[in-house]
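Peer 1: Pasting the sequence and the predicted coordinates here, then a few questions.
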Amino acid sequence: MAEELRLNHPDLLAVWPGMGHVALNAGLYLIAKLDMDIIAEFDADNLFDVDQVEVKDGLIGKGRRPRNRFFLWTDPSRKHDLVVFLGEAQPPIGKYAFCQQLTAYARQIGVERIFTFAAMATQMHPEDSCRVFGAATDVNTLADLKELDLEVLKEGHIGGLNGVLLGAAAESGMHGACLLGEMSHVFRRLPFPKASLAILEIFTAMMQMELDFSELAEQVQVM
């Protein structure tokens, strides 16, 4: 599949489930609004187990491991295509090796930068505006972040694959960044679409991409 792709300076965005569903919901919104097509599926069954089965009308279904899929948006202006990696779960073991494989595939299809989304829980009031924090793998990408309306993450940790993937990317010489949307700590176990919206506003500005945020804004009002 990688040999068949002819992409225009593609960037990769990787998202997984996490606190407030911030990253996952932002990624799903992009996939839906850009009408992205699936281009590949990452086989990592050796890293995942089956934790539960689905019951429907009293019947138990077959066990299913989490899926890891790549989706593609082709930029009409032929400037920067976008590949979104959507992981249904983070592997309990082999995280760094998993990220190294993702990075290798990204290189194979010509990806130039890798981005991840994450949530940052603070004492903010749920009705306050969400800040977006950013951290980069290199000084050039960090300079790009500083031109946007966000706060640079001076120090700390980025937990999970949202951070580990960028560590693997940096090790291989690839550039990238993580955007962290601020959310109220009381919403840790609930969806917090306001943070997803804040991240997407920054990300689309960086990508010079237009996106309709009306449906996501409605979700914010409902929550």
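Peer 2: Nice, thanks for sending it over.
Peer 1: need the helices for the chain, in chain order.
Peer 2: Assigned by DSSP state H, the chain shows helices spanning 22-33, 95-108, 139-146, 161-171, 193-207, 214-222.
Peer 1: list the helices and strands the shortest one packs on?
Peer 2: What that stands for is helix 139-146. Under the contact criterion of 3 or more C-beta pairs under 8 Å, 6 or more residues apart in numbering; DSSP states H and E, helix 139-146 touches strand 132-136, strand 151-152, strand 175-184. Placement of C-beta: from N, CA and C, glycine included.
Peer 1: Let me see the mean pLDDT of the first one.
Peer 2: To tie it back to what came earlier, the one meant is strand 132-136. What strand 132-136 shows for mean pLDDT is 96.
Peer 1: try the last one
Peer 2: When pLDDT is averaged along strand 175-184, the result is 95.
Peer 1: Same check on the second one?
Peer 2: Here strand 151-152 scores 92 as its mean pLDDT.
Peer 1: repeat for stretch 5-25
Peer 2: 92.
Peer 1: Pull out the buried positions in that stretch.
Peer 2: Of the residues in stretch 5-25, 5, 7, 10-25 count as buried by neighbour count, 16 or more other C-beta atoms under 10 Å.
Peer 1: List the ones among these that fall in strands.
Peer 2: If you go by DSSP state E, the buried residues of stretch 5-25 have 11-15 in strands.
Peer 1: Any figure for the gap between the closest residue to His157 other than its chain neighbours and Val50?
Peer 2: Spatially, and ignoring its direct neighbours in sequence, His157 is nearest to Gly163 (7.0 Å; C-beta to C-beta, 6 or more residues apart in numbering). Gly163 sits 27 Å away from Val50, going by C-beta to C-beta, to the nearest Å.
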